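Engineer: Okay, here's the prediction I keep looking at, along with the sequence it came from:
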Amino acid sequence: MNLAGLWTATRQWVPFVARTVGYGSLSCFAGPFTRGRASLWAMRQWCVSSVRGLDITVEFSGADNVPTAGPFVYCSNHQSLVDILVLGAVLPGDYKWAAKRSLMNIPFLGWHLRLAGHVPVDRGRGGTVAEQVIERFIAVLREGKPLLIFPEGTRTLDGELRQFRAGAFKAALGGEAPVVPVALDGTFHMMSKGAVSAAGDRKVVRVRIGEPIGLPPAGEEAERIAELMDRTRAAVGELLDGLRAPG
């Protein structure tokens with residue numbers, strides 16, 4: 001990394017760490033005494049202030065497609081580390097994230113995630129662990145809370161939509177919750193996988209929420225999961241194409 005790159009990374013990361021400490025502390029101290037309302041507020045402000053600190057402009061549409069009652073599963077494409085900040089700044093609802101377990105070990109951020117009931121996800125740990133994660137997803141949905149899951153499982157390597165994994169859709173069936181497709185575009189070129197700072201002067205990210213996708217009718221579980229997964233991926237792909245269309 002050259003001197004200019006080091007300066008950019010420092011200028012972005014030092015305030016980000018300070019915001020994480022500040023809002024994480026507020027969540028941990030006030031959350032238990034406010035039935036989680038302070039934690040939700042702190043998370044939202046952390047995301048909003050971080051997006052603003054990175055000079056990101058978010059163009060958001062489709063909020064009227066979000067269900068007003070009951071649990072549901074947000075399913076979004078995943079382009080970079082910045083995605084969770086962007087989505088956290090605009091997506092409505094007291095939803096829980098499917099977060100990598102390693103994030104739970106980060107001071108202040110991890111403490112907030114655990115306290116607020118977000119779900120740790122272990123990757124590559126085998127079928128038994130995966131089933132346990134899905135059970136935690138279902139428990140969140142049965143408590144009436146929405147979930148936010150990146151069904152690609154990891155960030156894209158080329159900016160294009162990857163194949164989806166079945167876990168989110170198995171959880172949706174188990175929790176009897178519709179799926180709400182979400183597409184975002186603009187974060188990949190800003191901070192692709194392996195980058196340590198957000199690039200570019202004018203950073204515009206577009207986020208669009210699609211219409212909820214209901215659960216398939218009764219039938220074999222594997223077939224219902226596959227149908228729901230295919231319909232959701234097609235919906236996210238269509239939304240993504242719309243965001244990228246000229247004009």
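Structural biologist: Noted; the coordinates are in hand.
Engineer: Helix or strand with the lowest mean pLDDT in this protein?
Structural biologist: Each helix and strand of the chain was given a mean pLDDT (mean pLDDT, DSSP states H and E); the minimum falls on helix 3-30 at a mean of 81.
Engineer: Just the buried residues of that helix, please?
Structural biologist: For helix 3-30, the neighbour count (16 or more other Cβ atoms under 10 Å) marks 8, 12, 16, 19, 20, 23, 24, 26, 27, 28 as buried. All C-beta atoms are positioned from the backbone trio N, CA, C, and that covers glycine.
Engineer: do the same with stretch 209-228
Structural biologist: Here stretch 209-228 shows 209, 210, 212, 213, 215, 216, 224, 225, 227, 228 as buried, counting by 16+ other Cβ under 10 Å.
Engineer: Also stretch 64-71?
Structural biologist: Under the neighbour-count criterion of 16+ other Cβ under 10 Å, stretch 64-71 has 66, 71 buried.
Engineer: same check, this time on stretch 103-112
Structural biologist: Within stretch 103-112, the residues scored as buried using 16+ other Cβ under 10 Å are 103, 104, 108, 109, 110, 111, 112.
Engineer: Quick check: helices, which of the residues you listed are part of them?
Structural biologist: 109, 110, 111, 112 (DSSP state H).
Engineer: could those be laid out in TSV, adding pLDDT?
Structural biologist: As requested, these are arranged in TSV below (pLDDT from 0 to 100):
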residue	pLDDT
109	90
110	89
111	89
112	92
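Engineer: Out of those, flag the one nearest to residue 237.
Structural biologist: residue 109 (31.2 Å; Cβ to Cβ).
Engineer: What separation do you get for the closest one and residue 240?
Structural biologist: Distance, residue 109 to residue 240, by Cβ to Cβ, to the nearest Å: 28 Å.
Engineer: what about stretch 116-127, average pLDDT?
Structural biologist: Mean pLDDT, stretch 116-127: 76.
Engineer: just stretch 171-180 next, same as before
Structural biologist: 96.
Engineer: packing partners for the least confident helix or strand of the chain?
Structural biologist: For helix 3-30, the packing partners by 3 or more Cβ pairs under 8 Å, 6 or more residues apart in numbering; DSSP states H and E come out as helix 37-53, helix 109-115.
Engineer: Dump these into JSON lines; add distance to residue 144 as well.
Structural biologist: Compiled in JSON lines, the helices and strands packed on helix 3-30 are given as follows (distance: least, Cβ to Cβ, whole Å):
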{"stretch": "helix 37-53", "distance to residue 144": "14"}
{"stretch": "helix 109-115", "distance to residue 144": "19"}
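Engineer: my guess is residue 165 meets residue 149, correct?
Structural biologist: No. Contact between residue 165 and residue 149 fails when scored by Cβ atoms under 8 Å: they sit 9.3 Å apart.
Engineer: quick one, which of the two is more surrounded?
Structural biologist: Taking neighbours as other Cβ atoms under 10 Å, residue 165 and residue 149 compare with residue 149 leading, 26 against 16.
Engineer: In this structure, where is pLDDT below threshold?
Structural biologist: 1-10, 123-127, 191-202, 247 (pLDDT under 70).
Engineer: Show me the helices in the protein, by range?
Structural biologist: Under DSSP H, the chain gives helices at 3-30, 37-53, 83-90, 109-115, 127-142, 167-174, 221-244.
Engineer: Just send the ones you listed back as JSON lines, with distance to residue 68 too.
Structural biologist: Putting the helices of the chain into JSON lines (distance: least, Cβ to Cβ, whole Å) gives the following:
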{"stretch": "helix 3-30", "distance to residue 68": "26"}
{"stretch": "helix 37-53", "distance to residue 68": "17"}
{"stretch": "helix 83-90", "distance to residue 68": "17"}
{"stretch": "helix 109-115", "distance to residue 68": "26"}
{"stretch": "helix 127-142", "distance to residue 68": "16"}
{"stretch": "helix 167-174", "distance to residue 68": "18"}
{"stretch": "helix 221-244", "distance to residue 68": "20"}
